[in-house]
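Asker: structure of the sequence below:
(2 chains)
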There are 2 protein chains.
Amino acid sequence: MSYNNKLDIYKMNLPADLKKLSLPQCDELCKQIRRLLITTVSKNGGHLASSLGTVELTVAVHRVFDSPRDKIVWDVGHQAYTHKIVTGRAKKFSTLRKEDGISGFCRPDESVHDAFISGHSSNSISAALGMATAMKLNGDDHYAVAIVGDGASSGGLFYEGLNNAGKSNTNIIVILNYNEMSISKNVGSMAKYLSTLRTREGYHKTKSAVKSVLNKTPVIGSPVSKVIKGSKDTVKNALLHATLFEDLGFEYIGPIDGHNIGEIERGLQSAKALKRPVLVHVNTVKGKGYTPAEKNPGEYHGVGSFEIATGNPDVVASDSFSSVMGKELCDIARTNKRVCAITAAMKYGTGLQYFAKQFPERFFDVGIAEEHAVTFCGGLAQMRYIPVFAVYSSFLQRSYDELIHDLSICHYHAVLCVDRAGIVGNDGETHQGIFDVSFLSSVPNTKIYSPSDYEELRLCLRKAINEDDCIVAVRYPRGNEKSLIKNPEPNTSFTHIKKGGHILIVTYGRLCNNVMAALEILKTKDIICDVLRLVEIFPISEQIADIISSYDVAFFFEECYDYGSISEKYAAVCDNIAPFTIDYFVKHGDCDVLLDELGFSSERMAQQIEVFLSDEQT
Amino acid sequence: MSYNNKLDIYKMNLPADLKKLSLPQCDELCKQIRRLLITTVSKNGGHLASSLGTVELTVAVHRVFDSPRDKIVWDVGHQAYTHKIVTGRAKKFSTLRKEDGISGFCRPDESVHDAFISGHSSNSISAALGMATAMKLNGDDHYAVAIVGDGASSGGLFYEGLNNAGKSNTNIIVILNYNEMSISKNVGSMAKYLSTLRTREGYHKTKSAVKSVLNKTPVIGSPVSKVIKGSKDTVKNALLHATLFEDLGFEYIGPIDGHNIGEIERGLQSAKALKRPVLVHVNTVKGKGYTPAEKNPGEYHGVGSFEIATGNPDVVASDSFSSVMGKELCDIARTNKRVCAITAAMKYGTGLQYFAKQFPERFFDVGIAEEHAVTFCGGLAQMRYIPVFAVYSSFLQRSYDELIHDLSICHYHAVLCVDRAGIVGNDGETHQGIFDVSFLSSVPNTKIYSPSDYEELRLCLRKAINEDDCIVAVRYPRGNEKSLIKNPEPNTSFTHIKKGGHILIVTYGRLCNNVMAALEILKTKDIICDVLRLVEIFPISEQIADIISSYDVAFFFEECYDYGSISEKYAAVCDNIAPFTIDYFVKHGDCDVLLDELGFSSERMAQQIEVFLSDEQT
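Answerer: You can find the predicted model right below:
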């Protein structure tokens, strides 16, 4: 088959046909892929810069390896859009991150070529090692390939994976995709170290030459040799094990130009030939091929839709819960000099960029290291500082043990700004923030606020920092305040809205808006409900239990996994609660559509209440 | 003050007086300390080998640093017994690990010299960095010192700490105590790397010499220099950054003989002078000074009481839930070739030594890396192997995110053998296994068994591996089966024992024994109770809820933190439950005494039921 002049990504049999292309044809294909990436992400939003950086790398990987027999594991999956395109999903790519469309991350149930799930950082080496080990047990000579960005290299799980893979005697190949960025500028000494390696062009060759010369050199003569005398092995060791990865048991190949398919293929073929753990170091440019993204890869890390020609986002960025938190925190920190702010590689995502600018000495970006973040908070708290760790709900899952061990046991005062709490939408099930209430409520000495609008977020944050004295989580959703219904009484405990009904609706956070709208719908059906809007949702309180118990029935709507939910806790002390929670992993899709499917739109709330009441009457 | 001839550890003002001693006096003191360690641990049990290895190191640390102004953070705390002795707790040391006595781990509320809590591995660098950062913000020029064993270096949190500390510009000093062992023989490529460093005596000096010579060498002449030409910096880099710790931004000092106080002090003084992140590498011998422990440090890692002269344990090791699990797993694995066993550095503790011996190719000790363990299980499960991860309840807390992200979302089949579930006794609040039910029940697609005796453990394990198809946790307590009351019907679901009462007692696991004994006490007071003994405790079942609801009242005894407990979940659907759970961190002490204090002895169970019923009648 020849693709001359008629190379068409939609008509090829991928990934098989990739192997039939010449290198110039590959470059032509990469152009097509870049156009498809830019067009699609400009419409659907998504992780553009990372994926633009890995186009050539992905094509080379699928030419050298034989997926799905070889297992290709993408870390995080931000970089895996091209992988999706070249593994039979080009035609469906326009549905990226849409309801029933293809996911923005790798999912084994979407394709046999997605060898493992991705979403949370730094898991790829451990997962690939599991697969490589299984293949070894099976007597299967294929490879497991983990592709990791340098951002993920700040996570402890990355290191645990390396530490175990390095001595594993399996066919595991780790491709370290170095682009000097994770999400914002990468931090930590590993990042600095990698940037040193990056500049060592030709380093690998030099090392081999030194090795061969040293082996031949008689240990006499030159001043260097004199020192070497008696410690030749030491010097040789220093030269031979000169990268950290070799110290950890890997063969090291690199650095390789990650936009030169021929060069990448030669590196990967060498790695295959070694038949043992190998780390291949590839340098790429994040945003490659799209000027606005190359210039500002941070801004194009995860984007909404935008105009292709200018790179301008469709919607002017407005305030969000994140930015309101970030600005209020600055206000508080101006007078309270003991406030420190911590992020795990999400300075912009969490709205901490304002704090970072105003109080650089009290701002700490620890990299993708949520465990360290919490233990570091413990150290600060022990010294009477007040650490404020702003983190996405689903990523805080990584810190569960540290919350118990390094904060709770010693009764430290620390504040968690739990961003992206509840349904987040297009990022899908790995990113939905539906477990934080469950796991935080099982950590002793913890209080949880769930403000429903900006003003309340500000009040809760101030109370958490200036008045409370335990672990305090302030949780709020992704995106903007819905100003549909103005909250009449922002506060930090609860609001009891009495309409004279015998039926109560209990809720908290963003769902308060939908409940208020549902009231109107129910009114048209002569169903009158009171509302109990919780702000301090945990610990549970006797006063609130008494209010709930005074009604015939209490409908409790909660954007939370059912086991461990607040409604479950109140149901344990009240016998009139009808809980509406979440009992499955929620896939990607539009946030409002997902909330509707979950029964949390005002229409569905009203409908469910109506059905419940009519069922009870019959 | 002179201590000649009258050095007495009980009369000294410690740690201040340490600084007044001559080196020979220090050695004399170390002998006294070793005697105290051996005598006390022989009576009370505890972590002997680690503590014997750090006697000289601890004395040197407290002579060079000024605690509590300098912050001394011990990782894990196994090694910190001498620290306790030389910081004013010599007289109380005989109460080690006893009720109201001193803890086996560091606790800030026990002494100002315990700068941070210890218990779970690898947290010391992060905590020390928090404190070093706070000191820097305070303009305080003191030091934060983290003392880490090489075992802890297999944990991801260790690496996250290093990665952040290395570029921190604070006065943080990490002392890496290398003894070739963590708990059993250390594993992983980092361990291998450290063992390479260990043998590089004089390495530090050699490196400096090479550096100075290379700087003076004209780049011509010798064969080596020819290679160096044009890449002199590369070679210099390789030599200058020759340890992984220097790659990560630390100054490196070592290796140092960890039993030579003078040598340690010189190293620590050099580290202090640098005023930036330094790693001091100290070689010690685990069990130093007590022959039985030196010969078998693994056996003396954590011991019960023993006879000093012979080193023989007082009680011949009998079967335990751990060993029964380990042996049954071998039986299962003999026919089911897809079973793999994984431990995080607890081969002996979890009873996996039998499996390791019989099926070495299917056995994986991943080091103290619970996160990696679970993600690695995900990789194996994706390849249709059945991973069985045996782990202590409190350490599984580290894997919460990986359970959700790398096992649950993709519906993998994996088995967790959750050892040390419930109260563990002398190890104290960091080790009590009281959270696993709460956090595991918030992970979708999870089933939990809590067998109450050996036979039931065997049944549950078989079902979990051969019949179930999700995440299955089989949880069981530390120690032995109580054969007080023979379980008449071992099974994997539940037993409903009917005595004709209108009162029900619900329980599971080890508490079943106490409930059966409580029945007898209650009978003498004419209180007749039925019993519902749960084995599959989660998910909750309608059938069980119906049984519970058919009684006037159901007392639910549960060795579990209250929020997230099984009783809470049933209370949410039944309105007649009186739950008895745990609502605080439980300190160290004798297990039976602690269970009594918690209200879980048969006497206290009976008493609480009696009081409840008489309160109701009035």
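Asker: would you say A:Leu268 is within a helix?
Answerer: Yes - assessed by DSSP: H, G, I helix; E, B strand; the rest coil, A:Leu268 belongs to a helix.
Asker: list the contacts of it.
Answerer: Taking C-beta atoms under 8 Å, 6 or more residues apart in numbering or on different chains as the criterion, A:Leu268 is in contact with A:Ala60, A:Val61, A:Val64, A:Phe65, A:Ile173, A:Ile175, A:Val280. All C-beta spots, glycine's among them, are computed from the backbone N, C-alpha and C.
Asker: biggest strand in chain A, by residue count?
Answerer: Secondary structure assigned by DSSP state E gives strand A:553-561 as the longest strand of chain A.
Asker: quick check: beta-bridge partners of A:Ala146?
Answerer: Beta-bridge partners for A:Ala146, by DSSP bridges, are A:Val73, A:Val174.
Asker: what's around it, how many residues?
Answerer: A:Ala146 has 32 neighbours, counted by other C-beta atoms under 10 Å in any protein chain shown.
Asker: now A:Glu429
Answerer: Other residues near A:Glu429 come to 23 when the count uses other C-beta under 10 Å.
Asker: what's the closest non-adjacent residue to the spatially most central residue of chain A?
Answerer: Compute the mean C-alpha point of chain A, and by C-alpha atoms, centre = their mean the closest residue is A:His120, 4.7 Å away. The shortest distance from A:His120 to any residue other than its chain neighbours is 4.8 Å, reached at B:His405 (C-beta to C-beta, 6 or more residues apart in numbering or on different chains).
Asker: the one you found: what secondary structure?
Answerer: B:His405 - assigned by three-state DSSP - is helix.
Asker: spit out the contact partners of it.
Answerer: A:Ile117, A:Gly119, A:His120, A:Asn123, A:Gln397, A:Thr430.
Asker: may I ask which helix or strand encompasses the closest residue to the last one other than its chain neighbours?
Answerer: The shortest distance from A:Thr430 to any residue that is not its chain neighbour, by C-beta to C-beta, 6+ apart, is 2.6 Å, and that residue is A:Gly119. In this assignment (DSSP states H and E), A:Gly119 forms part of neither any helix nor any strand.
Asker: check which residues of the longest helix along chain A are buried.
Answerer: In chain A, with assignment by DSSP state H, the single longest helix is helix A:23-44. For helix A:23-44, a neighbour-count test (16 or more other C-beta atoms under 10 Å in any protein chain shown) marks A:26-30, A:32-34, A:36-38, A:40-42, A:44 as buried.
Asker: which residues touch whichever residue of the stretch 301-450 of chain A sits closest to chain B?
Answerer: Nearest residue of the stretch 301-450 of chain A to chain B (C-beta to the nearest C-beta) works out as A:Gly379 at 1.8 Å. A:Gly379 is in contact with B:Phe116, B:Ser126, B:Ala127, B:Ala128, B:Leu129, B:Gly130, B:Met131, B:Ala132, B:Thr133, B:Ala134, B:Ala144, counting by C-beta under 8 Å, 6+ apart.
Asker: need phi/psi at the third one.
Answerer: Which is B:Ala127. With angles defined as degrees, to the nearest 10, B:Ala127 sits at phi -70, psi -40.
Asker: the closest residue to A:Gly149 other than its chain neighbours: what's it in contact with?
Answerer: Closest residue to A:Gly149 apart from its sequence neighbours, by C-beta to C-beta, 6+ apart: A:Asn177 at 5.0 Å. Counting by C-beta under 8 Å, 6+ apart, A:Asn177 makes contact with A:Gly53, A:Thr54, A:Leu57, A:Gln79, A:Ile147, A:Val148, A:Gly149, A:Asp150, A:Gly258, A:Val282, A:Thr284.
Asker: again, but for A:Ile9
Answerer: Applying C-beta under 8 Å, 6+ apart to A:Ile9 gives the contacts A:Leu29, A:Gln32, A:Ile33, A:Leu36, A:Ile85, A:Ala90.
Asker: just checking: which of the residues you listed also lie near chain B?
Answerer: By C-beta under 8 Å from any C-beta of the partner chain, no member of those lies near chain B.
Asker: could I get these as TSV with pLDDT?
Answerer: Converted to TSV, the contacts of A:Ile9 look like this (pLDDT from 0 to 100):
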residue	pLDDT
A:Leu29	97
A:Gln32	96
A:Ile33	97
A:Leu36	96
A:Ile85	97
A:Ala90	96
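Asker: which of these lies closest to B:Asp562?
Answerer: A:Ile85 (50.6 Å; C-beta to C-beta).
Asker: coming back round to it: and the residue nearest to the centre of chain A, its phi and psi?
Answerer: Here is the backbone geometry of A:His120 (degrees, to the nearest 10): phi -90, psi 140.
Asker: that one and A:Phe395 touch, don't they?
Answerer: Yes - if you go by C-beta atoms under 8 Å, A:His120 and A:Phe395 touch, sitting 6.8 Å apart.
Asker: which other residues reach the helix or strand harbouring A:Leu279?
Answerer: Following DSSP H and E, one finds A:Leu279 within strand A:278-283. Strand A:278-283 is contacted from outside by A:57, A:172-179, A:197-198, A:245, A:250-258, A:264, A:267-268, A:271, using C-beta under 8 Å, 6+ apart.
Asker: no more questions from me, cheers.
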